[in-house]
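*Asks:* could you work out the structure for the sequence below:
(2 chains)
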Amino acid sequence: MFAYYLDLALRSLKRNKALTALMVLAIALGIGASMTTLTVLHVLSGDPLPGRSGTLYYPQIDPRDNSGLFPGKEPPEQLTLTDGQNLLRAGRADHQALMTGGSVPIQPDSSSLDPFYVEARYTTADFFPMFGTPFLYGQGWAAADDEARVRDVVINSELNQRLFAGADSVGRTLRVANTAFRIVGVLDNWEPSPHFYDLNTGSYGYTEQVFLPLQTALGLHMDHNGSSDCWGNGAGGIGGTYPSEECVWLQFWVRLDSPAQVAAYREFLVRYSQQQKSLGRFVKAPNVRLRDVRQWLAYERVVPNDVRLQTGLAFGFLLVCLVNTVGLMLAKFLRRASELGIRRALGASKRALFTQLLVESGVVGLVGGAGGLLLALLGLWLVRHRPSDYAPLAHLDPTMLLVTFLLAVGASLLAGLLPAWRACQITPALQLKSN
Amino acid sequence: MEWRPILSTLRRHRIPASLLVLEIALTCAIVCNAVFLIGQRLQHMQMSTGIDEHALVQIQLAEIEPSPDIYARAREDLAVLRQVPGVQAAALTNQVPLGISSSNSSIKLDLAQRQPTLNAGTYFGLDLPQTMGARLVAGRHLQADEATNVDVVLKALATGDAKQLPAVTVITQAMAQRLWPGQNPLGRTFYIGPVGVRVVGVLADLARANAYNDATAHYSMVLPVFMGVGQNQSYLIRTRPQDRQAVLKAAVAALKKADPQRVVTRQRTYDEVRSKFFENDRAMAGILVGVIIALLTVTALGIVGLASFWVAQRRRMIGVRRALGATRRNILNYFQAENFVLATFGIALGMLLAYAINLFLMLHYELPRLPAIYFPVGAVVLWVIGQLAVLGPALRAAAVPPVVATRSV
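*Replies:* Numbering: from 1, shown residues only, chains lettered A, B, ... in the order given. You can find the predicted model right below:
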């Protein structure tokens, strides 16, 4: 029976080629546009560290005085060096890392390569085990090395490729900002997106190529890159002169595995704030936050507004395309009232007619959906060739492919349901009589 | 024109008619808001910076070996740059208007004030306004003897030694107006943190580096602080517009020759700075234009499709009307009027929707209210598109011969 309906549907669609083309094109355009924007939105609001992000937390405390341009009651988005070191040394979490961004000159040994600048991360040792960074060779430095200010460095695979042609470079020497460092690890491809642990450097498309122990880097006055917010007499510092004590400029991440640990850590942050207040360092009453990765990204509004706006726009467009198709399909079905009347009179049940019409609209939907998928691929290709920093991320993943498919089928069936139902309400006798 | 038959016919085709009305309404609502968004973006992209944009180039360097004396290095670089043929002026700056990477300060009018009055872009430099071509409208420029080296300033801030801190500043008219509305800003003092600075000059305009918000984009000040060379500092060079590329190349070569131990991290014309700053807005405007065209096309084609169906369905009725004496024009007018009625319903509903969408956008995206002018203009545009779309089917209807009445289908 289905084959017969399909045959009827194709015949009917062939009869009005221009109209069929219009309906298919409208659905394809609508689905193509919505899938392109939805995929971009999906990619941008993706989980930077799947499986881990649920246990990573970003403690915030409030060391400011009662002035400054910080809106509302939210504590600052980073820590001062003193607070960062205090929280780090307290070691109340399973893993914790204090970090900030920088950029450093790399001076290759070989004379064929000119010195060049790369993005750097100055961090403490737990960064690697906490974030689960994959290592191609070697590993990170040990926690004890942080205080000892060892001159160890972890580089990423891109830099390893550039300097050592991809060979195992562990144990070799790397000159960074006029200082010899020993390579202890080479990261495999690791580009969490968004760059959640420090959003000041840009949320997407930013990767550090070298990772240096924080104390070592600060001791050598390597250039700081990123945001610093100050109050009171604070001054933001420049290059190797770091922001003063009244400035926040470091990020601190902790790993907490259970809700009990989270509650205990929040408690600890409050106690720490109270203690600092009694010491005279803090002025405000304890004002702490402990957000996990998702909450942090949402709070920081990482996904660009324009991307949300584009998604809304595309779905509005899809809605217009669907309404358009429903209207045309309905007009078409009603025009065939006499034909349907005859079929009814000859004994076809309402149900059979309904199925037949639904098959017809389903064909339009499927072809439109397939076209929409192609348009979405084209759309994503166009997005990738735009200059925005998230451009390289715009790829269709299996989830979105499935969503596209479901959206196409769902949309077209939806577009077919109303016309098919309406056309089935025809009284057969009336239709036969009128002709 | 007889409206009654039109309305009663539409009532009999209630569902298709209401779908077309809905489609027109949605299109109207989205197009109104999209056009409004485009207007906002274009207006934002027109932002003035107050500087001589086509005459400027920027060079940024990073040192491999830190200079022993960053100030001497910078002074020597500036001297070298001024020797390059075609260079009219050169200055060291910590940021450029629309340069994204920015330095900002909170400003208070009174030290006891709890909340700052405003936040302003903070330029450090001396002859910066002159080099950039920012016009002075009152007072004077900063003078060489007022400059302080940045490390002295940082030290003085830490120790609270007010004598070593910058004491004078040049601000923009927009900032002066916001701080002291309607008054002469010259000689007045405001506070950056605990540091009081006196206004000695007023610039017509100078946009800040992070000019995302049109309302605060022109709050900028220049402080007489000499930064010396550093990763985040850059040289701004003024030349004739047609010499920019040649001067850029020659200047980079001269700087490299003066100190080979450094890497050029940035060399660009100021036009590139502006273009980069607005690149997302440009892309968004382009996307919006595409959506508007697609929407209007789909809707117009939908009208054509539906009207064609109705014409085909009513061939007999048209034939009867023609046989009873209706002219071709009567038939044509009938379908035009029908479309007009549908479009009017659609537009009315669309205006309400447009307003609702605008309210939503105002709430979530800090957009201003949709100006009233959009409503009549949007209505006229949709009426015209509707009439154009229905013209073809209506002409076909008018061409139906009266003899159809006597034939069976």
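*Asks:* can we go C-alpha only for contacts and neighbour counts from here?
*Replies:* Fine.
*Asks:* what about residue B:375, which helix or strand?
*Replies:* Element membership for residue B:375, per DSSP states H and E: helix B:374-398.
*Asks:* any part of that helix near chain A?
*Replies:* No - Helix B:374-398 does not reach chain A (CA under 8 Å from any CA of the partner chain); its nearest approach is 13.5 Å.
*Asks:* report the buried residues of that helix.
*Replies:* Buried positions in helix B:374-398, judged by neighbour count with 16 or more other CA atoms under 10 Å in any protein chain shown: B:374-375, B:378-379, B:382-383, B:385-387, B:389-391, B:393-395, B:397-398.
*Asks:* look up phi and psi at the residue nearest in space to the middle of chain B.
*Replies:* The centroid of chain B falls nearest to residue B:44 when counting by CA atoms, centre = their mean (2.2 Å). Phi and psi for residue B:44, reported as degrees, to the nearest 10, are phi -60, psi -40.
*Asks:* list the buried residues in the top helix by length along chain B.
*Replies:* In chain B, taking DSSP state H as the definition, the longest helix is helix B:328-365. By neighbour count with 16+ other CA under 10 Å, helix B:328-365 contains the buried residues B:328, B:331-351, B:353-355, B:357-359, B:361.
*Asks:* you'd agree residue B:157 is up against residue A:237?
*Replies:* No - using CA atoms under 8 Å, residue B:157 is not in contact with residue A:237, being 11.1 Å away.
*Asks:* between the two, which one's more packed in?
*Replies:* residue B:157 (21 against 16; other CA atoms under 10 Å in any protein chain shown).
*Asks:* output the helix or strand containing that one in PDB, but only the C-alpha positions, please.
*Replies:* Per DSSP H and E: residue B:157 is located in helix B:150-159. Extracted in PDB, the C-alpha atoms of helix B:150-159 (Å, rounded to 0.1, in the frame of the first residue of the first chain):
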ATOM      1  CA  VAL B 150      55.600  54.900  33.900                       C
ATOM      2  CA  ASP B 151      57.800  53.100  36.500                       C
ATOM      3  CA  VAL B 152      57.900  56.400  38.500                       C
ATOM      4  CA  VAL B 153      54.100  56.600  38.400                       C
ATOM      5  CA  LEU B 154      53.700  53.000  39.500                       C
ATOM      6  CA  LYS B 155      56.100  53.500  42.400                       C
ATOM      7  CA  ALA B 156      54.400  56.700  43.400                       C
ATOM      8  CA  LEU B 157      51.000  55.000  43.400                       C
ATOM      9  CA  ALA B 158      52.400  52.300  45.700                       C
ATOM     10  CA  THR B 159      53.900  54.800  48.100                       C
END
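*Asks:* any idea how far the very next helix or strand once past it is from the middle of the chain?
*Replies:* Per DSSP H and E, the first helix or strand lying C-terminal to helix B:150-159 is strand B:168-172. Averaging C-alpha positions (CA atoms, centre = their mean, to the nearest Å) puts strand B:168-172 27 Å from its chain's average.
*Asks:* do the same with stretch B:290-300
*Replies:* Distance of stretch B:290-300 from the chain centroid (CA atoms, centre = their mean) equals 24 Å.
*Asks:* what residues does it touch?
*Replies:* The contact list for stretch B:290-300, computed with CA atoms under 8 Å, 6 or more residues apart in numbering or on different chains, reads A:26, A:313-314, A:317, A:320-321, A:324, B:23-24, B:27, B:30-31, B:34-35, B:385-386, B:389.
*Asks:* go with 7 Å
*Replies:* A:26, A:317, A:321, B:23-24, B:27, B:31, B:385-386, B:389 (CA atoms under 7 Å, 6 or more residues apart in numbering or on different chains).
*Asks:* scan those and report the most crowded one.
*Replies:* Using other CA under 10 Å as the neighbour test, the contacts of stretch B:290-300 are led by residue B:24, with 33 neighbours.
*Asks:* so who does that residue touch?
*Replies:* Contacts of residue B:24 (CA under 7 Å, 6+ apart): B:299, B:343, B:346-347.
*Asks:* do any residues in the top helix by length along chain A lie close to chain B?
*Replies:* Secondary structure of chain A per DSSP H: the longest helix is helix A:350-384. No - using CA under 7 Å from any CA of the partner chain, helix A:350-384 never reaches chain B; the gap is at least 10.0 Å.
*Asks:* next structured bit after that helix?
*Replies:* Next helix or strand after helix A:350-384 toward the C-terminus (DSSP H and E): helix A:398-424.
*Asks:* for the stretch 201-350 of chain A, what spans make up the strands?
*Replies:* Using DSSP state E, counting those that start in this stretch, the strands of the stretch 201-350 of chain A run over residues A:210-213, A:224-225, A:229-230, A:247-248, A:251-255, A:289-292.
*Asks:* lowest average pLDDT across these?
*Replies:* Here the lowest mean pLDDT among the strands of the stretch 201-350 of chain A goes to strand A:229-230, at a mean of 84.
*Asks:* can you give me the helices for chain B?
*Replies:* Under the criterion DSSP H, helices of chain B are mapped to B:4-12, B:14-45, B:70-83, B:128-132, B:150-159, B:173-179, B:244-258, B:270-277, B:279-313, B:315-323, B:328-365, B:374-398.
*Asks:* cool, and chain A?
*Replies:* For chain A, the helices defined by DSSP H occupy A:2-15, A:17-44, A:81-90, A:127-131, A:143-148, A:157-164, A:214-219, A:259-278, A:293-299, A:305-335, A:337-345, A:350-384, A:398-424, A:428-434.
*Asks:* as JSON lines, these with distance to residue A:284 and mean pLDDT would be great.
*Replies:* Formatted as JSON lines, the helices of chain A follow (distance: least, CA to CA, whole Å; pLDDT from 0 to 100):
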{"stretch": "helix A:2-15", "distance to residue A:284": "72", "mean pLDDT": "82"}
{"stretch": "helix A:17-44", "distance to residue A:284": "36", "mean pLDDT": "87"}
{"stretch": "helix A:81-90", "distance to residue A:284": "15", "mean pLDDT": "93"}
{"stretch": "helix A:127-131", "distance to residue A:284": "30", "mean pLDDT": "94"}
{"stretch": "helix A:143-148", "distance to residue A:284": "31", "mean pLDDT": "88"}
{"stretch": "helix A:157-164", "distance to residue A:284": "45", "mean pLDDT": "93"}
{"stretch": "helix A:214-219", "distance to residue A:284": "29", "mean pLDDT": "93"}
{"stretch": "helix A:259-278", "distance to residue A:284": "7", "mean pLDDT": "93"}
{"stretch": "helix A:293-299", "distance to residue A:284": "22", "mean pLDDT": "93"}
{"stretch": "helix A:305-335", "distance to residue A:284": "33", "mean pLDDT": "87"}
{"stretch": "helix A:337-345", "distance to residue A:284": "76", "mean pLDDT": "81"}
{"stretch": "helix A:350-384", "distance to residue A:284": "46", "mean pLDDT": "87"}
{"stretch": "helix A:398-424", "distance to residue A:284": "47", "mean pLDDT": "81"}
{"stretch": "helix A:428-434", "distance to residue A:284": "80", "mean pLDDT": "62"}
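*Asks:* to residue B:315, which of the ones you listed lies closest?
*Replies:* Of all those, helix A:305-335 sits nearest to residue B:315, with 11.9 Å by CA to CA.
*Asks:* what is that closest one packed up against?
*Replies:* Using 3 or more CA pairs under 7 Å, 6 or more residues apart in numbering or on different chains; DSSP states H and E, the elements in contact with helix A:305-335 are helix A:17-44, helix A:398-424, helix B:14-45, helix B:279-313.
*Asks:* any idea how far it is from the chain center?
*Replies:* Centre to centre, stretch against its chain (CA atoms, centre = their mean), the figure for helix A:305-335 is 27 Å.
*Asks:* quick check: angle from that helix to helix A:398-424?
*Replies:* Calculated by axes from the mean of the first three to the mean of the last three CA atoms, to 10 degrees, helix A:305-335 forms an angle of 30 degrees with helix A:398-424.
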